[in-house]
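A.B. asks: Take this sequence and fold it.
(one chain, ligands or ions: 1)
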Amino acid sequence: MASTIREGRSVIVVGSGLAGLAAASAALRSNAKAVVLLERAVKPGGNSIKASSGINGAPTRFQSQPPLDTTFFSDTVKSAGKRIPSSAPEQTRRKGLIKVLTDKSSSAIDFLADDIGVDLSVIAQLGGHSVARTHRGAGKTPPGADIVTRLLKKLQNDKRFQLRTGCEVTKLISTTESSGPGARPKVVGVKVRSGDEITSLAGPVVFATGGFAGDTDGLLAKFRPDLAGIPSTNEPRPGMHNLLTEIGARLVDMDSVQIHPTGFVDPLSQDSHLKFLAAEMLRGEGGILLYNGKRFVNELGTREQVSHAIMQLNPNLGPLKQWKVQILLDPGACTAAGSHVAFYEWKGLLSRKKVSELDETTRDTVKNYSLAVAKHIPDVFGRSAFGHWTLAGGQEDNEKEVCVGWVTPVTHFTMGGVVINEKGQVLASSLEADDEVVIPGLWAAGEITGGIHGDNRLGGSSLLECVVFGRIAGEQAASQLTDDG
Ligand SMILES: Cc1cc2nc3c(=O)[nH]c(=O)nc-3n(C[C@H](O)[C@H](O)[C@H](O)COP(=O)(O)OP(=O)(O)OC[C@H]3O[C@@H](n4cnc5c(N)ncnc54)[C@H](O)[C@@H]3O)c2cc1C
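C.D. replies: Model prediction:
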């Protein structure tokens with residue numbers, strides 16, 4: 001297959017997570033003569049392959065409840081919080097990106113379901129969403145793995161596509177378009193290290209190297225030293241933002257790091273820094289959180305709100321900064337989250353207990369919560385969506401089985417990154433930060449970009465941004481290839 005690729009006539013995609021795969025797919029659809037996907041790891045898929053809750057889309061044919069879901073844009077703006085300033089032009093720029101994300105979410109779901117064959121028929125309501133709009137499949141394969149595997153397989157059936165793993169991009173190659181004070185670099189290719197060999201590859205570049213939540217001692221320590229000691233769901237690997245700033249790219253919101261409230265603490269390796277995510281859909285399908293047997297928060301608040309509530313509690317002492325919070329799913333929630341629960345049980349992260357085996361405080365909490373779900377009393381924390389919780393609060397509950405596990409907050413996602421416009425072009429830093437000065441020849445998509453999610457990314461919106469902006473970037477880069485002949 002390598003022989004079919006003509007160097008200099010290819011779209012170069014850096015990073016084989018979902019953003020990179022979506023970009024490669026769009027570039028091929030836009031008639032790029034060739035697409036080379038460069039991946040530093042031995043296996044493709046990045047953090048995307050681990051995604052477990054699902055991907056947002058609205059309105060879609062899989063959502064059941066009328067009326068049409070029209071609140072995705074406003075939910076996203078609300079979740080972004082104060083990072084969206086009250087005045088133009090920055091407010092306009094950020095809202096413009098959110099509009100692209102949410103307006104194109106429905107076609108992103110159609111693309112995955114119809115063109116790639118991903119099952120997205122199951123919908124859950126995650127924290128911060130007004131309605132259920134996070135899509136996943138009914139089978140055993142988690143959504144990230146299913147999407148990545150199918151998309152990659154489809155790409156590999158195309159002779160114009162080439163994946164090179166074990167290839168790390170170490171530099172963007174640029175030329176200067178003009179001389180003088182307004183001189184701007186144009187990206188014309190990349191330098192790639194494979195083993196001891198360094199080579200150059202020419203072509204328009206889509207940069208999709210992911211975030212830096214796993215770069216504990218590097219970018220994370222630089223921008224958020226206060227997060228030292230908190231475990232992570234991300235693979236340990238360096239952030240690549242410096243490759244972009246070296247050629248003048250602008251960064252934004254680098255201190256905006258998402259703490260996911262629920263990473264599993266494995267009882268057999270409590271001090272491991274890398275944690276398995278307790279997917280948000282566990283709470284979406286009905287799970288509750290307890291500290292010393294009592295609820296303390298609306299479990300469907302945003303990730304920021306729930307994490308904040310946990311971090312107000314006393315931490316558990318040990319080498320890591322972690323908290324001892326219990327996640328509890330009743331039989332209805334366990335069934336609704338069936339394939340996830342089976343997997344977590346198999347990993348030893350969740351276990352089953354009869355209600356009668358719970359301590360007295362926990363039993364009281366479960367009883368009162370069940371009465372709130374049945375609308376006999378109001379929920380003390382204002383939770384209004386209860387997923388598939390079925391316990392009713394009576395004596396008959398005692399013999400039923402719940403699932404329990406230990407969870408703690410974890411660094412999970414970096415909202416900051418390189419600034420892009422609605423075409424996925426990377427913007428340059430300039431003396432006037434309001435100017436939109438693009439760096440020609442360079443696009444970016446996925447978690448490497450910043451500013452779309454502001455203070456808090458809604459669960460399910462990262463896979464979505466990978467598909468939406470990855471496809472835009474791939475299409476744009478392919479058009480440059482055509483323009484350049
Ligand atoms: C456990 C877990 C569960 C999640 N669940 C969900 C979910 O359910 N829904 C959701 O929307 N989001 C979820 N997320 C977040 C989401 O998966 C990621 O934010 C998103 O997939 C990032 O995709 P990406 O393509 O930008 O980066 P990644 O998927 O991380 O891919 C980046 C790739 O670039 C490669 N790379 C880096 N530097 C270089 C270089 N210099 N040269 C070549 N290659 C390079 C990396 O090795 C990597 O393979 C989850 C994240 C985690 C960790």
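A.B. asks: Show me which residues of the longest strand along the chain are buried.
C.D. replies: Using DSSP state E to define each element, the chain has its longest strand at strand 401-414. Neighbour counts over strand 401-414 (16 or more other C-beta atoms under 10 Å) mark 402-414 as buried. For glycine as for every other residue, the C-beta is placed from the backbone atoms N, C-alpha and C.
A.B. asks: Stretch 10-29 too?
C.D. replies: 10-28.
A.B. asks: Give me the subset of the residues you listed lying in helices.
C.D. replies: 18-28 (DSSP state H).
A.B. asks: of all those residues, which comes closest to the ligand?
C.D. replies: Nearest to the ligand among those is Ala19, at 3.5 Å by C-beta to the nearest ligand atom.
A.B. asks: how close does the residue nearest to the closest one when sequence neighbours are not counted get to Ala337?
C.D. replies: Residue nearest to Ala19 in three dimensions, not counting chain neighbours: Gly446, with 2.7 Å by C-beta to C-beta, 6 or more residues apart in numbering. Note on Gly446: its distance to Ala337, by C-beta to C-beta, to the nearest Å, is 27 Å.
A.B. asks: Settle it for me: which of the two has more neighbours?
C.D. replies: Neighbour count, other C-beta atoms under 10 Å: between Gly446 and Ala337, Gly446 has more, with 31 against 26.
A.B. asks: Now do the same contact list for the more buried one.
C.D. replies: Remark: with contacts taken as C-beta atoms under 8 Å, 6 or more residues apart in numbering, Gly446 is in contact with 15, 17-20, 208, 210, 462, 465-466, 469-470.
A.B. asks: how about a cut-off of 6 Å?
C.D. replies: 19, 208, 466 (C-beta atoms under 6 Å, 6 or more residues apart in numbering).
A.B. asks: Considering only these, which also neighbour the ligand?
C.D. replies: The subset of the contacts of Gly446 within reach of the ligand, by C-beta under 6 Å from any ligand atom, is 19, 208, 466.
A.B. asks: can you put the residues you listed in JSON lines and add pLDDT?
C.D. replies: Formatted as JSON lines, these follow (pLDDT from 0 to 100):
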{"residue": "Ala19", "pLDDT": "99"}
{"residue": "Ala208", "pLDDT": "98"}
{"residue": "Cys466", "pLDDT": "98"}
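A.B. asks: for those, which one is nearest Arg303?
C.D. replies: Within these, the smallest distance to Arg303 is 18.2 Å, found for Cys466 (C-beta to C-beta).
A.B. asks: Hmm, Leu21 and the closest one touching each other?
C.D. replies: No. Using C-beta atoms under 6 Å, Cys466 makes no contact with Leu21, being 8.1 Å away.
A.B. asks: restrict the buried residues of strand 401-414 to those near the ligand?
C.D. replies: With C-beta under 6 Å from any ligand atom as the criterion, the buried residues of strand 401-414 include Phe413 near the ligand.
A.B. asks: Reformat the buried residues of strand 401-414 as JSON lines; add distance to Gly393.
C.D. replies: Output for the buried residues of strand 401-414, formatted as JSON lines (distance: C-beta to C-beta, whole Å):
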{"residue": "Val402", "distance to Gly393": "13"}
{"residue": "Cys403", "distance to Gly393": "18"}
{"residue": "Val404", "distance to Gly393": "18"}
{"residue": "Gly405", "distance to Gly393": "23"}
{"residue": "Trp406", "distance to Gly393": "25"}
{"residue": "Val407", "distance to Gly393": "24"}
{"residue": "Thr408", "distance to Gly393": "29"}
{"residue": "Pro409", "distance to Gly393": "30"}
{"residue": "Val410", "distance to Gly393": "32"}
{"residue": "Thr411", "distance to Gly393": "37"}
{"residue": "His412", "distance to Gly393": "34"}
{"residue": "Phe413", "distance to Gly393": "36"}
{"residue": "Thr414", "distance to Gly393": "42"}
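A.B. asks: Identify the farthest-apart pair in the buried residues of strand 401-414.
C.D. replies: Among the buried residues of strand 401-414, Val402 and Thr414 lie farthest apart (C-beta to C-beta), at 34.3 Å.
A.B. asks: Now do the helices in the stretch 351-485 of the chain.
C.D. replies: Ranges of helices within the stretch 351-485 of the chain are 360-373, 461-484, based on DSSP state H, counting those that start in this stretch.
A.B. asks: My error: substitute the stretch 51-200 of the chain in the last question.
C.D. replies: 72-80, 90-103, 105-110, 143-156.
A.B. asks: In space, what's closest to the closest residue to the ligand within the stretch 251-400 of the chain - neighbours in sequence excluded?
C.D. replies: Closest to the ligand within the stretch 251-400 of the chain is Leu277: 3.8 Å, counting by C-beta to the nearest ligand atom. Nearest-residue entry for Leu277: Thr233, 4.7 Å, with adjacent residues in sequence omitted and distances by C-beta to C-beta, 6+ apart.
A.B. asks: Contacts only, for the one you found.
C.D. replies: 263, 275, 277, 410, 412.
A.B. asks: measure the residue most central in space within the chain to the ligand for me?
C.D. replies: Nearest to the geometric centre of the chain sits Ser462, at 3.4 Å (C-alpha atoms, centre = their mean). Going from Ser462 to the ligand by C-beta to the nearest ligand atom, to the nearest Å gives 4 Å.
A.B. asks: distance between the ends of stretch 318-333?
C.D. replies: Stretch 318-333 has an end-to-end distance of 32 Å (C-alpha to C-alpha, to the nearest Å).
A.B. asks: no no, stretch 27-36
C.D. replies: Distance across stretch 27-36, first residue to last, is 10 Å (C-alpha to C-alpha).
A.B. asks: Next: stretch 26-39.
C.D. replies: By C-alpha to C-alpha, the extent of stretch 26-39 from end to end equals 18 Å.
A.B. asks: Ok, stretch 455-464 next?
C.D. replies: End-to-end distance for stretch 455-464, by C-alpha to C-alpha: 17 Å.
A.B. asks: Contacts for it next, please.
C.D. replies: 18, 51, 53-56, 79-81, 83, 105, 126, 128, 134, 258, 280, 302, 304, 413, 415.
A.B. asks: cool, stretch 16-26 as well?
C.D. replies: 13, 35, 37, 39, 44, 46, 48, 151, 155, 206, 208, 210, 445-446, 463, 466-467, 470-471, 473-475.
A.B. asks: thinking again about what came up before, next up, the contacts around the residue of the stretch 251-400 of the chain closest to the ligand.
C.D. replies: 52, 233, 263.
A.B. asks: now, which of those lie close to the ligand?
C.D. replies: Okay, of the contacts of Leu277 touching the ligand (C-beta under 6 Å from any ligand atom), that's 52, 233.
A.B. asks: I'd like the contacts of Leu277 as a markdown table, with pLDDT appended.
C.D. replies: Shown next, in a markdown table, are these (pLDDT from 0 to 100):
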| residue | pLDDT |
| --- | --- |
| Ser52 | 89 |
| Thr233 | 96 |
| Gly263 | 97 |
